[in-house]
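1. kindly return the folded structure for what I paste below:
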Amino acid sequence: MVVEDPRIYLEMPLIFRKNKSLSFDFLVDKVVERVRGWTKNLLSYGGWEVFIKVVAQALSTYIMTCYLLLEHLVSQIVLVVRNFWWFGRISESGWLMIAWKDLCTPKRVGGLYFRDLYQFNPTLLDKQVWRFMIYPNSLV
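-> Now for the predicted structure:
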């Protein structure tokens, strides 16, 4: 296997720059690229919900299991996803009918159960710590 960039492995940075946010900007760009390809006219509300859950929010999951992302990177991802939900485009803004945190609540409470990425990232890291405590001889 030929490695093009030895600083990146499985699309994750192995070496960080002085500015950590520059090392993870590719993640925000990837979410923007995926969301930009879709418009509101092509999907129903159920389709938007599935698209956000399966594509937009899932892109960052693997990296969040290994690294704690900076809050402003998480807020950029949330902003892209939120604007897609409300306006169908990532560059538009306007009047929001329901707060995003309310949409992240479970469906039985009235939300859509989108992931709250601010809480999801530390939870994934806690899961890794738990795994290392339970299986201390596991391969790191």
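2. C-terminal to the lowest-mean-pLDDT helix or strand in the chain, what's the next element?
-> In the chain, no helix or strand scores lower on mean pLDDT, DSSP states H and E than strand 8-9, which sits at a mean of 66. Later in the chain than strand 8-9, the nearest helix or strand by DSSP states H and E is strand 12-13.
3. residue 116 and residue 60, how far apart?
-> Taking Cβ to Cβ, to the nearest Å as the measure, residue 116 falls 13 Å from residue 60. Every residue, glycine included, has its C-beta placed from N, CA and C.
4. between these two, who's got more neighbours?
-> Taking other Cβ atoms under 10 Å, residue 116 and residue 60 do not tie; residue 60 has more neighbours (23 against 17).
5. verify the stated contact: that one with residue 29.
-> No: with contact defined as Cβ atoms under 8 Å, residue 60 does not reach residue 29; the gap is 11.8 Å.
6. this protein: helices as residue ranges?
-> 20-23, 25-36, 45-51, 61-64, 71-87, 100-103, 117-134 (DSSP state H).
7. which neighbouring elements make contact with the fifth one?
-> Using 3 or more Cβ pairs under 8 Å, 6 or more residues apart in numbering; DSSP states H and E as the contact criterion, the neighbours of helix 71-87 among helices and strands are helix 25-36, helix 100-103, helix 117-134.
8. could you give the average pLDDT over the longest one?
-> To tie it back to what came earlier, the one meant is helix 117-134. Looking at helix 117-134 alone, the average pLDDT works out to 92.
9. likewise stretch 75-86?
-> 89.
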